[in-house]
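Chemist: just coords:
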């Protein structure tokens, strides 16, 4: 639902809460007269309770709005659960083969198999998905392979393989540390109950390549057994207090070989070998044997950046208590593992300059390599093409889990007459905050129209004696966000919502220990807060128990998007099934339709038979019940002449009918259009002004039955103004210069409602009649935004701010809009009967100025022409502006400008006080806000990489090591309206944003020296 409904969305427990508040406040008032020293603990408790109830009521008043934040849990994916991990007998699991194909030649990815206890949903079992890596794309596909049986030993070996790889790559293999005085323990112990949770239980195992790539699988047990053997070796190393760990490992001293931890091999065999450093539990890939030895000067290129050691041997002895047995053998250059990335969206792919990025990537990779004595490394005999697949698993499995969750909700709704895709339901559960290539917004827009239509039909057919105002009130009560929130939470919709971008660093495979825990500190019961009373709240981020804060409106939006998903997947019947599941009354039986038509059928139409037949011919539709058409054409003024009916009830219904028909048309026609543009298209199409133009274009107003001379004059005036303009162009502005009488749009809606009832709620019939009447229907190319909105969007895109000032002059309103660019000032004034009209007029003139300067490609050409025509043309009205002493377009420093620049907010008489937070981001925010207040163009930043590697942190004097051995320095450029251009370079910082803060702070103090600002650090 739109934000404009927020005021109408209050609801839920108002009377009960009000009574509680009154009682609590009375108690507190009685306590105020008491001596504070004598107040009892009970009185303080009563006061606290009163404050709690007051805050609770405040939150209750904003249910279904963005101002209210709520704490909710997440729903568990039941298909992922299992209790088989400790079975001592043969276990049968369902197998799903995971195939990977890279779009780069020569990049191989091994295939795996997913073993799970349940038969998963079809969409997950046959999933095809593109995973977007930094410089390539991998196509992943899932295919069912039937059941596979594993004995107890195989399950144990598989668990060790999975635990070693996922913890070694993305987590840690040890708990405890010297710094915390806790003993260091290897996590893959025989008792693994802490790592394997029944709520998240599956195996991902490598398979051997076969000719049949989809149906059969042959698990690669040789690789799995090597990993399990390595775990056994690590257990023996850390089973006791081994002061010199090397003594229990490889004892060979053959000088011709490279001695690893548990075997020796030739130097040529150590390229692209996956190894495990047993002293850190980290997994690396070997690159080459280098000329350095453990006795070489330590340069920090080890697993930690250290500078306090003379040699590598000294580093490992002092830091890890390891005395190297082969200090003279060459070191190995290793490539470390890295964090997993979110690979689900194409938005992150291909950003930035390609040549520069490749150069930087090579430098970063070179700086991230480490040197390591071979005797500390255990080879895993794991092909690199198996290892690289593990970086795909977090994103792939997250998508599978999300589809299973959507399928779980589908099962709860229980509609089986048509197969609603889990992908559609997943889209309906995904908010824009997830940063996916899809979100709920389009489906929410469609669901809003479907909900409005279904409820309108129910109310129209059920309450024959209710007039349009009463029906509208009941409809608003049913479809408002507060009601949808209440119904949605009863069905636990909030537990299914995906409201945060996928963070692969917090994703955990079965058997993996979290290294980024978020301990639960949430209250035992659900909680809500109003606005930003608690600044520590982060929307969407869950704790380890799955609790997360959600905007109250998000739940309402999700209800609408689910309705929209079912409408797309199964039509109106499926959408109504969702409404009934939510306990929304939407009955529209054949019997109710017959009752509605029977009352209209008794109305005589014989005196108006020619009128009826002529309109039917124009519409291309013959009514079975002529009385419905007569009712649709009868204005309320006819009731003064004895009529017992009018078009208002049918108008109420037709409003919803045209809404769903046009929204559905736009949804299906413009599939690649985002929700914002789709909303603009619907707003431009579904409004009374657009329908009024349809009525005039097809001369439907000639059929209107009314008894009002004033109404006739208004219709005549409007039709004359429309006939003077081109009726071939679609006027898209609901607040345009010419406003049609509401009755013209009303009869278009009432005719739609009449056809719907006459056709027994056949929407296809209504659309067949109305599509040609509404043509041409607005498209993204023909869409014309309101002038002020277009101007603001242009300013936001280009970093400028507009000043708007309105004043009353007699019966009119004069709006002044000024815009300061880098080298010129634009000032325009508009006039209108209302503020919105005056602003639109001024904005349209200013847009034309920008167009003449070549700064803007016009979208509102036709609208601007109409506005100027109404006000006597641009030239005539410019004379009015000049007479007032205003200049339309001038350089900022021109002395002839008579309008006070202070009034235009371009120059200030005294310095602007600016409070600057010294935390990260604070200086930039303060500078941006200052530019907005002064209506200056936004500053621009450019950064360069600089030396040395140690530079000041953003917080002040403390030292911080820059990543990868380089720092950043930013240059800021600001254009001042008097023609000055200030360019300053800030201090070196360890990251880009901190360097921008340094430059912004420098600019703030420069502006203070020039008398523009007064900076106060806070």
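Modeler: Nice, I can see it. Only a predicted model underlies this, so the values are computations on that prediction, with no experimental measurement involved.
Chemist: Domain parsing of the protein, as residue ranges.
Modeler: What the TED database lists as the domains of the chain is 78-347+366-396, 414-582, 590-721+737-774, 787-853, 912-946+965-1017.
Chemist: Dump those into TSV; add distance to residue 404 and mean pLDDT as well.
Modeler: Every residue, glycine included, has its C-beta placed from N, CA and C. Formatted as TSV, these follow (distance: least, CB to CB, whole Å; pLDDT from 0 to 100):
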stretch	distance to residue 404	mean pLDDT
domain 78-347+366-396	5	87
domain 414-582	8	92
domain 590-721+737-774	26	90
domain 787-853	40	86
domain 912-946+965-1017	38	86
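Chemist: Show me the one of those domains that comes nearest residue 402.
Modeler: Set against residue 402 and scored by CB to CB, those come closest in domain 414-582, at 5.5 Å.
Chemist: any idea what residue 227 is structurally, helix, strand or coil?
Modeler: Assigned by DSSP: H, G, I helix; E, B strand; the rest coil, the conformation of residue 227 is helix.
Chemist: Skipping adjacent residues, who's closest to it in space?
Modeler: The spatially closest residue to residue 227, leaving aside those adjacent along the chain, is residue 161, at 4.2 Å (CB to CB, 6 or more residues apart in numbering).
Chemist: ok, the one you found - how many residues close by?
Modeler: 27 (other CB atoms under 10 Å).
Chemist: Would you confirm that it contacts residue 230?
Modeler: No - at 9.4 Å, residue 161 does not count as touching residue 230 under the criterion of CB atoms under 8 Å.
Chemist: Quick one, which of the domains of the chain gets closest to residue 408.
Modeler: domain 78-347+366-396 (6.1 Å).
Chemist: how far is the closest one from where the chain is centred?
Modeler: Relative to its chain's centre, domain 78-347+366-396 lies at 34 Å (CA atoms, centre = their mean, to the nearest Å).
Chemist: how far does it stretch from start to finish?
Modeler: Taking CA to CA, to the nearest Å, domain 78-347+366-396 runs 18 Å from one end to the other.
Chemist: Run through the residues that contact residue 632.
Modeler: By CB atoms under 8 Å, 6 or more residues apart in numbering, the residues touching residue 632 are 647, 650, 654, 747, 750-751, 753-754.
Chemist: any idea how far it lies from residue 719?
Modeler: 20 Å (CB to CB, to the nearest Å).
Chemist: got it, and residue 339?
Modeler: With distances taken as CB to CB, residue 339 is found 67 Å from residue 719.
Chemist: now residue 700
Modeler: When residue 700 is compared with residue 719 (using CB to CB), they lie 11 Å apart.
Chemist: Tell me which stretches of the stretch 501-650 of the chain form strands.
Modeler: 527-530, 548-551 (DSSP state E, counting those that start in this stretch).
Chemist: Residues in contact with stretch 482-498: which ones?
Modeler: By CB under 8 Å, 6+ apart, the list of residues contacting stretch 482-498 reads 1, 9-12, 63-64, 70, 72-75, 402, 405-406, 408-409, 412, 426, 429-431, 434, 477, 550, 552-556, 558-560, 562, 581-584.
Chemist: now do stretch 196-211
Modeler: Outside stretch 196-211, the residues that reach it (CB under 8 Å, 6+ apart) are 76, 80-85, 93, 97-98, 110-117, 155, 158-159, 161-162, 216-220, 223-224, 386, 389, 393, 397, 508-511.
Chemist: buried ones in that stretch?
Modeler: 196, 200-207 (16 or more other CB atoms under 10 Å).
Chemist: Let me know the secondary structure of the closest residue to residue 495 other than its chain neighbours.
Modeler: The spatially closest residue to residue 495, leaving aside those adjacent along the chain, is residue 75, at 3.5 Å (CB to CB, 6+ apart). Secondary structure, three-state DSSP: residue 75 is coil.
Chemist: Check the spacing between residue 75 and residue 935 real quick.
Modeler: Where residue 935 is concerned, residue 75 sits at a distance of 49 Å (CB to CB).
Chemist: These two: which is more packed in?
Modeler: Just comparing residue 75 and residue 935: by other CB under 10 Å the higher neighbour count belongs to residue 935, 20 against 17.
Chemist: so the more buried one makes contact with residue 817?
Modeler: No - applying CB under 8 Å as the test, residue 935 and residue 817 come out as separate, 11.0 Å apart.
Chemist: if we can go back for a sec, for the residue nearest to residue 227, what are its contacts?
Modeler: 205, 223-224, 227-228.
Chemist: Residue 79 now?
Modeler: The contact partners of residue 79, taken as CB under 8 Å, 6+ apart, are 116, 118, 120-121, 404, 407-408.
Chemist: mind giving me JSON lines with these and columns for neighbour count?
Modeler: As requested, the contacts of residue 79 are exported to JSON lines (neighbours: other CB atoms under 10 Å):
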{"residue": "116", "neighbour count": "22"}
{"residue": "118", "neighbour count": "15"}
{"residue": "120", "neighbour count": "25"}
{"residue": "121", "neighbour count": "21"}
{"residue": "404", "neighbour count": "22"}
{"residue": "407", "neighbour count": "23"}
{"residue": "408", "neighbour count": "18"}
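Chemist: Inside strands: which ones of the residues you listed?
Modeler: Cross-referencing the contacts of residue 79 against strands under DSSP state E gives residue 116.
Chemist: from the contacts of residue 79, which is closest to residue 297?
Modeler: residue 116 (52.2 Å).
Chemist: Run through the bridge partners of the closest one.
Modeler: Beta-bridge pairing for residue 116 (DSSP bridges): residue 94, residue 202.
Chemist: For it, give me its contacts.
Modeler: Residue 116 touches 79-80, 82, 93-94, 96, 201-203, counting by CB under 8 Å, 6+ apart.
Chemist: Find the residue at the geometric middle of this structure.
Modeler: In the chain, the C-alpha nearest the mean C-alpha coordinate belongs to residue 432, at 1.6 Å (CA atoms, centre = their mean).
Chemist: what sits against the closest residue in space to it that isn't next to it in sequence?
Modeler: Take residue 432 and drop its neighbours on the chain: the residue closest to it by CB to CB, 6+ apart is residue 439, 4.6 Å away. Going by CB under 8 Å, 6+ apart, residue 439 touches 427, 430-432, 675.
Chemist: out of these, which are inside helices?
Modeler: Under the assignment DSSP state H, those contribute 427, 675 to helices.
Chemist: In PyMOL, select just the buried ones from the contacts of residue 439.
Modeler: A single PyMOL command selects the buried members of the contacts of residue 439 (16+ other CB under 10 Å):
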select buried, resi 427+430+431+675
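Chemist: Reformat the contacts of residue 439 as a markdown table; add distance to residue 183.
Modeler: Output for those, formatted as a markdown table (distance: CB to CB, whole Å):
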| residue | distance to residue 183 |
| --- | --- |
| 427 | 49 |
| 430 | 44 |
| 431 | 44 |
| 432 | 47 |
| 675 | 55 |
